[in-house]
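# Pasting the sequence and the predicted model now:
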Amino acid sequence: MVIMVQPANVYGNPKCKPSPVIIPVIDLTDSDAKTQIVKACEEFGFFKVINHGVRPELLTLLEQEASKFFALPLSLKEKAGPPDPFGYGSKRIGPNGDVGCIEYILLNANLTLMSHKTADVFRQTPPVFREMVEEYMKDMRGMTSKVLEMVEEELKIEPKEKLSKLVKVKESDSCLRMNHYPEKEETPTKEEIGFGEHTDPQLISLLRSNDTEGLHCRSSFEREDCTIVMPRPKSR
């Protein structure tokens, strides 16, 4: 799992008393990066990447356009929901009745296979939003493929691109989820959570946050995937 986040706290086994751990920081231009990545996957399940090659201006523009969507009146956003699983979702987290102060957009990474709910999201946004989504997915796919190729090389996995092709192929089941956390209601009807405990189904996950504090990640160290943390680039 790949995390793009700043700042973040990562906790160890939830069965034990939570205690923050230091996330490994890996420079993807380092000649020893592939060894560091495999070690981080084995020991933590999380790592942060720097010098990842994703364009800072792209990250900023996508965030701005996503914020405009979430600022729309609820009646307009709900035209792209409820999710199936793609589209716009709000408050309900998973199938077990969990409720949280959250709303989100879930999109298929392959927009040629667009669901009608995904199309509804783009109907409520200007054309530049779709352009930013496509460019963002392209850059993320490139970075993810690079990381997986490093893992393949370090572990001597054959044939070549056995893992990375799962991300590169047009039929990839990758998806993009954008979460927005509105201000918490003063009198919630029940205990609310930000995002319920879950396991991502994909081979590798990327997580990035904006400058808002409070994002926490927790790993049981019983997973076989890995999370990469990608910090928000500093403005110049």
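On my side now, so go ahead.
# now the helices for this protein?
33-43, 56-70, 74-77, 116-123, 127-155, 165-168 (DSSP state H).
# will you turn those into CSV that also has mean pLDDT, distance to Arg177 and mean neighbour count?
The C-beta positions use only the backbone N, C-alpha and C, and glycine is treated the same way. Below are these laid out as CSV (pLDDT from 0 to 100; distance: least, C-beta to C-beta, whole Å; neighbours: other C-beta atoms under 10 Å):
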stretch, mean pLDDT, distance to Arg177, mean neighbour count
helix 33-43, 91, 22, 17
helix 56-70, 90, 11, 16
helix 74-77, 92, 15, 13
helix 116-123, 87, 12, 18
helix 127-155, 91, 12, 18
helix 165-168, 85, 16, 18
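# Redo those helices as JSON lines? Include distance to Val49.
Below are the helices of the chain laid out as JSON lines (distance: least, C-beta to C-beta, whole Å):
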{"stretch": "helix 33-43", "distance to Val49": "9"}
{"stretch": "helix 56-70", "distance to Val49": "13"}
{"stretch": "helix 74-77", "distance to Val49": "32"}
{"stretch": "helix 116-123", "distance to Val49": "28"}
{"stretch": "helix 127-155", "distance to Val49": "7"}
{"stretch": "helix 165-168", "distance to Val49": "15"}
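# Could you report the separation of the residue nearest the centre of the chain from Thr35?
The residue lying closest to the centre of the chain (C-alpha atoms, centre = their mean) is Leu207, at 3.5 Å. From Leu207 across to Thr35, the span is 23 Å (C-beta to C-beta, to the nearest Å).
# Bridge partners for the residue nearest to the centre of the chain, pull those for me.
Val229 (DSSP bridges).
# Per-residue confidence, it, what does it come out as?
With respect to pLDDT, Leu207 scores 82.
# again with the one 3 residues further on
Asn210 is assigned 76 on the pLDDT scale.
# which residues sit in contact with the nearest residue to Lys146 once chain neighbours are set aside?
Distances taken as C-beta to C-beta, 6 or more residues apart in numbering put Leu28 closest to Lys146, at 6.8 Å, once the chain neighbours are dropped. Leu28 is in contact with Val49, Ile50, Asn51, His52, Gly53, Met143, Lys146, Val147, counting by C-beta atoms under 8 Å, 6 or more residues apart in numbering.
# could I get the residues you listed as TSV with distance to Pro85?
Converted to TSV, the contacts of Leu28 look like this (distance: C-beta to C-beta, whole Å):
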residue	distance to Pro85
Val49	27
Ile50	32
Asn51	34
His52	28
Gly53	30
Met143	24
Lys146	28
Val147	25
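# What angle do helix 127-155 and the lengthiest strand in the chain make with each other?
As assigned by DSSP state E, the longest strand anywhere in the chain is strand 98-108. Angle, strand 98-108 to helix 127-155, by axes from the mean of the first three to the mean of the last three C-alpha atoms, to 10 degrees: 90 degrees.
# Ramachandran coordinates for the residue nearest to Ser115 when sequence neighbours are not counted?
Nearest residue to Ser115, sequence neighbours excluded (C-beta to C-beta, 6+ apart): Phe86, at 4.7 Å. Dihedral pair for Phe86: phi -80, psi 160, per degrees, to the nearest 10.
# Now do Tyr12, the pLDDT please.
Not quite, residue 12 is Gly, not Tyr. For Gly12, pLDDT reads 47.
# circling back to that earlier point, where does the residue nearest to Lys146 land on pLDDT?
93.
# before we move on, what about the one 4 residues further on?
The predicted local confidence for Asp32 comes out at a pLDDT of 95.
# do you know how far it is from Ser172?
29 Å.
# just Lys79 next, same as before
28 Å.
# between these two, who's got more neighbours?
Ser172 (18 against 14; other C-beta atoms under 10 Å).
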